[in-house]
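1. sequence unknown, structure follows:
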């Protein structure tokens, strides 16, 4: 699904279904036509949802690599599923589980807090907003500044001083 989210937005709308099916069969290794159809339908329901137009528009960066050293020396490196750079920096991570959880798991909050902290170093003059896009639904779950601050990576003497997110 992540690969299709990366590739399909630049494909003309009438050609997306066929392009996705071809990619899944050839490069994705999905031989079963019914399985491909289900994946394509799920991906297109997200990409073509009007609520997410900006996330898949020409200004959105897909699979954007980021790296930064936080003020306490922790190095954060990872790949952001979607990044929108404007007056506000928006980062979105796709979660492709079969359902939207009742509460965002702490490990997702830690991952997003690390990305947000890195982006705050890269773009110090702009606010950073983070959200998770659960493909089930689909549902966009904005993450509060408080949640991100509580889960921000911090150096502890017993831990390594770098983190690779992904």
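-> Happy to help now that I have it. Please read these numbers as outputs of a predicted model, since none were measured by experiment.
2. hang on, residue 79 in a helix?
-> No - membership of residue 79 in a helix is not supported by DSSP: H, G, I helix; E, B strand; the rest coil, which gives strand.
3. got the contact list for stretch 42-49?
-> 1, 4-5, 8-9, 13, 16-17, 20, 52, 56, 133, 135, 138 (CB atoms under 8 Å, 6 or more residues apart in numbering). Heads up, the C-betas are built off the backbone N, CA and C, glycines and all.
4. per-domain residue ranges of the chain.
-> Domains of the chain are assigned by automatic domain parsing as 2-48, 55-164.
5. Any chance of JSON lines for those, columns mean pLDDT and mean neighbour count?
-> Output for these, formatted as JSON lines (pLDDT from 0 to 100; neighbours: other CB atoms under 10 Å):
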{"stretch": "domain 2-48", "mean pLDDT": "95", "mean neighbour count": "15"}
{"stretch": "domain 55-164", "mean pLDDT": "90", "mean neighbour count": "16"}
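6. I'd guess residue 140 is in a helix, am I close?
-> No - counting by three-state DSSP, residue 140 is not part of a helix but strand.
7. what is it paired to in the beta sheet?
-> For residue 140, the beta-bridge partners are residue 133 (DSSP bridges).
8. List the contacts of it.
-> 51, 52, 92, 131, 132, 133, 134.
9. how about the helices in the chain?
-> Secondary structure of the chain (DSSP state H): helices located at 2-7, 16-26, 33-47, 106-122, 145-150.
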